[in-house]
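**Student:** would you be able to build a 3D model of this:
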Amino acid sequence: MKTQDLPETALFHGLSQEEVHWALSALDAHRYAFTKDQLLAQAGQCVSHLGLVLSGCVHIEHLDVWGSKTLLGQATEGDLFAETYACLPQEPLLVNVTAATDGEVLFLSAAPLLEPGNAPCLQHIAQNLLQISARKNLGLARRNLYTAPKTIRERVMTYFSALAIKNGSLDFILPFDRQQLADFLGVDRSALSSTLSRMQRDGLLTLNRRTVELHTTLEGL
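**Tutor:** Got it, this is the predicted structure:
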């Protein structure tokens, strides 16, 4: 594919177009179009290629044997998914990767990035990949903070406070719809909706679809 068709991505940060073009060939790059609700990777499978989202959005989900689903994260244009498993090709996936919208993904083999003495541009991509993985690990650690409180209100307050601090404002846009937010926080959707309604009545926030305004003062904003 043409390098100018690639979305902005941290994976190729610091490389020239010529280096990216060479790397795409070395990494066995191939494009794949997907449709909404399509399963792109299934728990139990082993994968050798990581996914770079060219367009659209995919969700990373955990589904237990009783059918309960937990939304662990999402990948949008320029983001990666399954990169950890691609670097550990004998390790089966513990999650599903499901298309949240129509879109397209670029699959890239991780094996050349792990070979000793590989080309400088592949070494550079491997360094970028390490930084991306480290940021994701921090994200998972933050999610543990959001789901640690016992009550739904406390989970919402912890998560919304984190979003406000991240955006530097008491007004922000939620990255999830109501069902996705419930899955992300590990709570029932109806119970979440009731909690949000009570929080609005109590004057803690104003919620209009995905737009949130917190009615408080946060240190550091």
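**Student:** buried residues, the least confident helix or strand in the chain by mean pLDDT. List them.
**Tutor:** Lowest on mean pLDDT, DSSP states H and E among the helices and strands of the chain sits strand 69-76, with a mean of 87. Within strand 69-76, the residues scored as buried using 16 or more other Cβ atoms under 10 Å are 69-75. C-beta here means a position set from N, CA and C on the backbone, and glycine is covered the same way.
**Student:** out of these, which one sits closest to residue 51?
**Tutor:** residue 75 (7.4 Å; Cβ to Cβ).
**Student:** that closest one contacts residue 54, correct?
**Tutor:** No. Checked against Cβ atoms under 8 Å, the pair residue 75 and residue 54 is beyond contact range at 10.9 Å.
**Student:** quick revisit: need the buried residues of strand 69-76 in CSV (columns: distance to residue 123).
**Tutor:** Shown next, in CSV, are those (distance: Cβ to Cβ, whole Å):
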residue, distance to residue 123
69, 38
70, 36
71, 34
72, 30
73, 27
74, 29
75, 24
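**Student:** ranges for the helices of this protein?
**Tutor:** Ranges of helices in the chain, per DSSP state H, are 17-26, 83-87, 111-114, 120-147, 152-167, 178-185, 189-201.
**Student:** nearest residue to residue 189 other than its sequence neighbours?
**Tutor:** Distance criterion Cβ to Cβ, 6 or more residues apart in numbering; nearest residue to residue 189, sequence neighbours excluded, is residue 182 at 4.1 Å.
**Student:** the one you found - how many residues pack around it?
**Tutor:** Residue crowding around residue 182 was assessed by other Cβ atoms under 10 Å; the count is 21.
**Student:** pLDDT score for it?
**Tutor:** Residue 182 carries a pLDDT score of 93 in this model.
**Student:** OK, contacts around it?
**Tutor:** 188-189, 192 (Cβ atoms under 8 Å, 6 or more residues apart in numbering).
**Student:** excluding residues flanking it in the chain, which one is nearest the residue nearest to the spatial centre of the chain?
**Tutor:** Centroid-nearest residue in the chain: residue 74, 3.1 Å away (criterion: Cα atoms, centre = their mean). Nearest residue to residue 74, sequence neighbours excluded (Cβ to Cβ, 6+ apart): residue 59, at 5.1 Å.
**Student:** who does that neighbour bridge with?
**Tutor:** Beta-bridge pairing for residue 59 (DSSP bridges): residue 74, residue 98.
**Student:** OK, contacts around the nearest residue to residue 63 once chain neighbours are set aside?
**Tutor:** In space, and not counting its chain neighbours, residue 63 is closest to residue 69: 5.2 Å by Cβ to Cβ, 6+ apart. Contacts for residue 69 (Cβ under 8 Å, 6+ apart) come out as 61-63, 183.
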